[in-house]
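>>> below are the sequence and a predicted model for it; my questions follow.
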Amino acid sequence: MEEQQILQKINLDFARAGIPPRVFAKQGDNNMRVVAVSLYNDGKAYKVPGGYAVNVSAKKPDGKSVYNPATEVAGNVAYITLTQQMLAVRGIVSAEIEVVRGADTVSYTHLTLPTILR
């Protein structure tokens, strides 16, 4: 993560249901907002296994989707950079964080990105 980027920290637990965290952003922001997603499994830190990747799948209010890899993964924290394409449409973006290896998805969970108009 670069010094000038804005960081928002959230926690996601793959084993516990709850209200999805909200990540606030502005429509048209580009690569300046980063979400540090701390991953947990039933309250315990979920370290991403070797050979697995963390991705974000986001569905925009216009029905189009964006699928991006995490910028960085360190232990149980995945850094997701919010791209201009993810924030192109005003409204609520529904997103899933996935831990994957090839075609195997080991875990996912939901979060929302309310994108407000500038």
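Thanks, I have it.
>>> what about this protein, any weak spots by pLDDT?
1, 107-109, 113-118 (pLDDT under 70).
>>> where along it do the strands fall?
Using DSSP state E, the strands of the chain run over 6-13, 25-26, 33-41, 44-45, 53-59, 65-69, 72-74, 77-82, 91-101, 104-116.
>>> residues in contact with the third one: which ones?
Pointing back at strand 33-41 there. Strand 33-41 is contacted by residues 1, 5-16, 23, 25, 45-46, 48, 54, 70-71, 76-82, 97, 99, 107, 111 when judged by CB atoms under 8 Å, 6 or more residues apart in numbering. In short, each C-beta sits where N, CA and C put it, glycine included.
>>> out of the strands of the chain, which one sits most buried?
Comparing those by mean neighbour count (mean count of other CB atoms under 10 Å), strand 77-82 ranks first with a mean of 22.
>>> list the contacts for the nearest residue to residue 48 once chain neighbours are set aside?
Counting by CB to CB, 6 or more residues apart in numbering, residue 48 lies nearest to residue 73, which is 5.2 Å off, once chain neighbours are set aside. Residue 73 sits next to 48, 53-54, 79 when contact means CB under 8 Å, 6+ apart.
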